[in-house]
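Engineer: The following comprises the amino acid sequence and a computationally predicted model.
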Amino acid sequence: MKTAKELLLGYLENINDPDKVIELFADGAILELPYLASLGLNYQMKGKEAIYNFFKNLPNTFANFNFQNIQIHIDTPDQAFGEYEVNATVNSTGRPYHQSYMGRLVAEKGKIKLLREALDMIVVGRAMFPNGLADL
């Protein structure tokens with residue numbers, strides 16, 4: 001069985017392969033990006049189908065979306081916490097997307113039960129909305 005750290009690293013390394021990454025998640029898993037709610041966006045995906053659809057859409061949203069500068073700060077068998085970055089391009093606007101993430105992963109029976117990530121909403125607004133922050 002994989003530890004929380006192994007699951008987090010597997011998720012980060014396979015972010016662009018929805019078929020591989022979804023296998024890391026438990027059937028009733030939850031993926032949350034809570035601060036997306038402040039922009040009126042869906043922030044919680046429950047279950048493997050919803051999570052898979054989220055990851056399947058990443059290539060349509062971003063070009064060259066890959067995590068880098070990964071630092072794991074908490075490493076226990078059932079929880080991991082890390083910080084990681086992305087330098088990508090938003091396909092719809094052509095703008096750069098330089099984002100710092102923090103993620104807490106809870107593992108159960110060698111699978112991801114919960115992955116909660118935090119990110120800077122100002123970066124999201126500037127990069128993704130047609131008129132940047134003016135659209136807020």
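Structural biologist: Sure, I can see it.

Engineer: show me where the protein has helices.
Structural biologist: For the chain, the helices identified by DSSP state H occupy 4-13, 18-22, 48-61, 121-128, in order along the chain.

Engineer: got the buried residues for the shortest one?
Structural biologist: Residues 18, 21-22 are the ones in helix 18-22 that count as buried (16 or more other CB atoms under 10 Å). In this view, the C-beta of every residue, glycine as well, is placed from N, C-alpha and C.

Engineer: before we move on, what about stretch 76-87?
Structural biologist: By neighbour count with 16+ other CB under 10 Å, stretch 76-87 contains the buried residues 79-82, 84, 86.

Engineer: again with stretch 104-115
Structural biologist: Burial within stretch 104-115, assessed by neighbour count using 16+ other CB under 10 Å, is assigned to 104-107, 111-115.

Engineer: Tell me the confidence at the residue sitting nearest the centre point of the chain?
Structural biologist: Within the chain, the residue whose C-alpha comes closest to the C-alpha centroid is Glu117; the distance, by CA atoms, centre = their mean, is 6.2 Å. As predicted, Glu117 sits at a pLDDT of 98.
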